[in-house]
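A.B. asks: What follows is a predicted structure for the sequence shown.
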Amino acid sequence: MNTSSIAVRCVEAVIDLAMCYVILYVVAGITGHTIVGGGFRLAGAPFVAGLALCLAYYMVLEAMFGATLGKLATNLRVVREHDGGPIGWRASIVRNVLRLVDGLVLYIVGFIAICTNKKRQRLGDMVAGTIVVRRAVEAASVCGTFTKHRQHTVAGGVMARTAFAHFTSALTPAMTAITLFLAMNPAFAQQVQERVPANSSKPEPAGSAEEAYRKGKEFEEKKNYAEAMRWYRTAADRGHVQAQVSVGNLYGNGIGVSKDYAEALRWYRKAADQGNNEAQDDVGTFYLVGWGVPQNYPEALRWLRKAADQENEVAQRNIAIMYLQGLGVPADRAEAIRWFRKAAEKGDDESKQALSQLGTQ
């Protein structure tokens, strides 16, 4: 599972609590509740206002960006538990209002909850249906890696996975100031979010979804990935299946945008729900390896079978690996060989190699 470690969550909490201290200190300064020699003392209405702004800090940043400063610094992201997508305003409000319960007695309630469940969820996460995951996980296998233009392969024998969570070197004063302003002005943040698309210097491209997709392909071939993403997103938002796959590819490979497996999975899922077998294989692979979502073998097999039923050889190969290694299913060499043969018959070289290694034709 790509959930974060307890140690990283503790560091993240300390950073965010430090930000809350700054917010409370600002409120104390404005209301005249600072103490000579340093510190502050809040009570009554100023305390309620400060508490509300602290909650807004969490709610606004997690709803809009999926992460607070503490999560950004520790490479974490809050996502929906069921599909790894952005949590949105409702879930953000629920999980952070319940922070008042999780935070009781110096966060001991939340700490106990995180320590006693495998998904490292506090009470707010359980109620809101959210989970904190590592923002980027690098994974590789013996015969394949996640490379440009959809090369998610889990082939070969023993799958090797590495994961990391690290600190960013520093947070710039400008970023901190902007974030504090957004946290203290949620109404303004909402207005900005609503108005930016309408007032953008680059208006949304016109034309059909197919035309937008072709434009995206042209820009991608020219390696102008920012424009490619803009046109792909236009087509994808209009329901163009292949454009949704392309958006997922760019996010999954970190081309023109920061690598974001959870966002890649969200777009693959849109295309997969429309029956695209390439996207179904992608969704299955993400669940199989644990990219941007907790590892889930039954869910991986469900999506891989959907793709395999449409004669997708990569999905057939991945199913073979699951049976060969006993990933979520009883290890079954004969069944693995059967699936490798299906993929090999379609020309899949890695399946041919696997059959050779297994000593069968």
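C.D. replies: On my side now, so go ahead.
A.B. asks: quick one: contacts for Ala336?
C.D. replies: Counting by C-beta atoms under 8 Å, 6 or more residues apart in numbering, Ala336 touches 320-321, 323-324, 358. Bear in mind the C-beta positions are built from the backbone N, C-alpha and C, glycine included.
A.B. asks: With Tyr25 instead?
C.D. replies: So Tyr25 contacts 34, 40 (C-beta under 8 Å, 6+ apart).
A.B. asks: With Met59 instead?
C.D. replies: Met59 makes contact with 89, 92-93, 96, 186 under the criterion C-beta under 8 Å, 6+ apart.
A.B. asks: swap in Glu210?
C.D. replies: Applying C-beta under 8 Å, 6+ apart to Glu210 gives the contacts 235, 240.
A.B. asks: rerun that using 10 Å as the cut-off
C.D. replies: 235, 238, 240, 242-243 (C-beta atoms under 10 Å, 6 or more residues apart in numbering).
A.B. asks: Gly239 now?
C.D. replies: Residues in contact with Gly239 (C-beta under 10 Å, 6+ apart) are 209, 270-271, 274.
A.B. asks: again, but for Ile30
C.D. replies: Counting by C-beta under 10 Å, 6+ apart, Ile30 has contacts 46, 49-50.
A.B. asks: ok, which stretches of the stretch 251-361 of the chain are helices?
C.D. replies: 261-273, 277-289, 297-308, 313-325, 333-345, 349-357 (DSSP state H, counting those that start in this stretch).
A.B. asks: Including mean pLDDT and distance to Arg134, could those helices go into CSV?
C.D. replies: Listed next are the helices of the stretch 251-361 of the chain as CSV, based on pLDDT from 0 to 100; distance: least, C-beta to C-beta, whole Å:
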stretch, mean pLDDT, distance to Arg134
helix 261-273, 94, 9
helix 277-289, 95, 13
helix 297-308, 96, 18
helix 313-325, 95, 22
helix 333-345, 94, 30
helix 349-357, 92, 27
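A.B. asks: Report the contact partners of Lys214.
C.D. replies: Check again: residue 214 is Arg, not Lys. By C-beta under 10 Å, 6+ apart, Arg214 lies in contact with 207-208, 231, 235, 243.
A.B. asks: how about the strands in the chain?
C.D. replies: Secondary structure of the chain (DSSP state E): strands at 76-80, 130-134, 139-141, 159-161.
A.B. asks: Distance to Ser258, pLDDT and neighbour count for the contacts of Arg214 - can I get that in JSON lines?
C.D. replies: Converted to JSON lines, the contacts of Arg214 look like this (distance: C-beta to C-beta, whole Å; pLDDT from 0 to 100; neighbours: other C-beta atoms under 10 Å):
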{"residue": "Gly207", "distance to Ser258": "28", "pLDDT": "68", "neighbour count": "13"}
{"residue": "Ser208", "distance to Ser258": "29", "pLDDT": "89", "neighbour count": "11"}
{"residue": "Trp231", "distance to Ser258": "19", "pLDDT": "95", "neighbour count": "24"}
{"residue": "Ala235", "distance to Ser258": "21", "pLDDT": "94", "neighbour count": "27"}
{"residue": "Ala243", "distance to Ser258": "20", "pLDDT": "95", "neighbour count": "27"}
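A.B. asks: Leaving out chain neighbours, which residue sits closest to the most centrally placed residue in the chain?
C.D. replies: For the chain, Ala262 is the residue whose C-alpha lies nearest the centre (C-alpha atoms, centre = their mean; 2.4 Å). Excluding its sequence neighbours, the residue lying closest to Ala262 (C-beta to C-beta, 6 or more residues apart in numbering) is Gly292, at 3.7 Å.
A.B. asks: What residues of stretch 21-32 count as buried?
C.D. replies: 23-25, 27-28, 31 (16 or more other C-beta atoms under 10 Å).
A.B. asks: any idea which of these is closest to Glu218?
C.D. replies: The shortest gap between Glu218 and any of the buried residues of stretch 21-32 belongs to Ile23, at 46.9 Å (C-beta to C-beta).
A.B. asks: May I ask you to confirm that the closest one is in contact with Leu53?
C.D. replies: Yes: using C-beta atoms under 10 Å, Ile23 makes contact with Leu53 at a distance of 5.1 Å.
A.B. asks: can I assume the residue nearest to the centre of the chain is in contact with Gly290?
C.D. replies: No: in this structure Ala262 lies outside contact range of Gly290 using C-beta under 10 Å: 11.5 Å.
A.B. asks: buried ones in stretch 235-252?
C.D. replies: By neighbour count on 16+ other C-beta under 10 Å, the buried set for stretch 235-252 is 235-236, 240-252.
A.B. asks: again with stretch 121-135
C.D. replies: In stretch 121-135, counting by 16+ other C-beta under 10 Å, buried: 121-126, 128, 130-135.
A.B. asks: farthest-separated two in those residues?
C.D. replies: Leu123 and Arg135 (23.1 Å).
A.B. asks: Kindly calculate the angle that the helix ranked longest in the chain makes with strand 130-134.
C.D. replies: The longest helix of the chain (DSSP state H) is helix 6-31. Between helix 6-31 and strand 130-134, the angle comes out at 110 degrees (axes from the mean of the first three to the mean of the last three C-alpha atoms, to 10 degrees).
A.B. asks: Thank you, goodbye.
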